[in-house]
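[1] give me a model of this one.
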Amino acid sequence: MSAHTEGPWELTERSGYYEILAPDSGCSSWYGRKGVSAVAYADTERDEQEANARLISAAPDLLYVATLVTELTSILGEKNAVVLLAHKAIAKAVQP
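    Numbering: from 1, shown residues only. Presented below is the predicted three-dimensional model:
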């Protein structure tokens, strides 16, 4: 399994679709925008899909924050609920 596309990811809307874009990783977006790669697409027909697209576009930032929380283990303790949730979220994001 390869690593995820580096962030930050950007949410854009075009022709009835949301497109989640990332800095160039060798590809271009579906409509040919240079310098970015498409991470995901979502139809704009439903509010739920917009909410999902916004959450997906925040994923790299959320993973970074979870990683920062785990660095507080020495202060908060290994059994701290927030630290445990952060470890669980990181595992969900990076493990196949």
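[2] check the offset of stretch 77-94 from the chain's centre.
    Relative to the chain's own centre, stretch 77-94 is displaced by 17 Å; criterion: Cα atoms, centre = their mean, to the nearest Å.
[3] hey, where'd the helices end up in this structure?
    With DSSP state H as the criterion, the chain has helices at 47-57, 59-70, 73-76, 81-94.
[4] outline the domain layout of the chain.
    10-57, 60-94 (automatic domain parsing).
[5] lowest-confidence stretch among the ones you listed?
    Among the domains of the chain, domain 10-57 has the lowest mean pLDDT, at a mean of 70.
[6] now the end-to-end length of that domain.
    6 Å (Cα to Cα, to the nearest Å).
[7] would you mark the buried spots in stretch 61-68?
    The neighbour-count check on stretch 61-68 (16 or more other Cβ atoms under 10 Å) flags Leu63, Ala66 as buried. Just so you know, the C-beta spots here come from the backbone N, C-alpha and C atoms, and that holds for glycine as well.
[8] stretch 71-80 too?
    Leu76.
[9] skipping its backbone neighbours, what lies nearest the residue at minimal distance from the centre of the chain in space?
    With distances taken as Cα atoms, centre = their mean, Ala59 lies nearest the centre of the chain, 2.1 Å away. Leaving aside its chain neighbours, Ala59 sits nearest to Trp9 (6.8 Å; criterion: Cβ to Cβ, 6 or more residues apart in numbering).
[10] and the one you found, what does it touch?
    Residues in contact with Trp9, defined by Cβ atoms under 8 Å, 6 or more residues apart in numbering, are Ile20, Leu21, Ala22, Val39, Ile56, Ser57, Ala58, Ala59, Pro60.
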